[in-house]
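Visitor: just coords:
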């Protein structure tokens, strides 16, 4: 259609070819293909000139309107991509969203009131790019993905701690080595049945055979730990106040659990909108500013 409109304006295949930067034969083929598709002659061809038929004049005006609408819509979408407003859809596993990520997103919403947040916890698919197909802009998780269909940004490290209340430890005793955990009430996250402790040559994995309690929320496990129900592997940041007050203590401190990286996944290349870029930059900065709460 664009080739045909250019021919109509220039009344010349060669002139249209120069303007479009393509060959004259390609211009002729485009027009012939269009005529064949519509089933109507659009152009009178002579050895010296090219002119539009009556149907060609009508179709040329129609095609020009369509092309103008397409250009306007393209400009509108580009401008929308480059403006920090509109809806931003985010999805993440429940256990991440109920931790400080929720605080970070609340801070972002307050700082950018023109961006409307849609934040969903849970319901994530095993397919890396599924969140894009479902209309989400960003997905958070702790898996290091290798998939060219998405872009991955590390936002922060999530420190964990193996902990128990002081009351529990005074009553049941303090484990000295990993094997001692078998004699204790272990509080386990449903998705985390094996505790990874230490690093390098000193690392150890402990599978809890008979948990005292299993939950699918780290906040619930943290509350159970604080209540003296047993030993649990929990995120450190939300528990810092209780750790600092001595209400709960680190268990097997010589084998600290490794950090878990928090990743943000989003669409690749030119599909990254300005609001997504601003959001990811804000998240990285927020966690850097709050890193002291995580303590080593």
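Guide: Nice, I can see it. From a predicted model like this one, the values you see are computed outputs, not experimental measurements.
Visitor: show me the strands in the stretch 1-150 of the chain, by range?
Guide: Under the criterion DSSP state E, counting those that start in this stretch, the stretch 1-150 of the chain contains strands at 43-45, 50-52, 86-92, 115-121, 138-141.
Visitor: counting by contacts, list what the last one packs against.
Guide: Applying 3 or more CB pairs under 8 Å, 6 or more residues apart in numbering; DSSP states H and E, one finds that strand 138-141 makes contact with strand 86-92, helix 94-97, strand 260-266, helix 274-289. Where you see a C-beta, it was placed from the backbone N, CA and C, and this is true even at glycine.
Visitor: who touches stretch 165-178?
Guide: 181, 183-185, 197, 204, 206, 225-231, 246-249, 251-252, 255 (CB atoms under 8 Å, 6 or more residues apart in numbering).
Visitor: same check, this time on stretch 64-78
Guide: In contact with stretch 64-78 (CB under 8 Å, 6+ apart) are residues 1-2, 5.
Visitor: can you give me the buried ones in that stretch?
Guide: Buried residues in stretch 64-78, counted by 16 or more other CB atoms under 10 Å: residue 64.
Visitor: tell me the secondary structure at residue 252.
Guide: coil (DSSP: H, G, I helix; E, B strand; the rest coil).
Visitor: the closest residue in space to residue 153 that isn't next to it in sequence: how many residues sit nearby?
Guide: For residue 153, ignoring the flanking residues on the chain, the nearest one in space by CB to CB, 6 or more residues apart in numbering is residue 264 at 4.9 Å. Burial of residue 264 is recorded as 23 neighbouring residues (other CB atoms under 10 Å).
Visitor: identify the bridge partners of residue 264.
Guide: residue 140, residue 153 (DSSP bridges).
Visitor: name all residues that make contact with it.
Guide: Contacts here follow CB under 8 Å, 6+ apart; on that basis residue 264 touches 138-140, 152-153, 155, 280, 283.
Visitor: most neighbours among the residues you listed, which one is it?
Guide: Within those, most neighbours by other CB under 10 Å means residue 139, with 25 neighbours.
Visitor: for that one, which residues are in contact?
Guide: Counting by CB under 8 Å, 6+ apart, residue 139 touches 90-92, 124, 131, 264-266.
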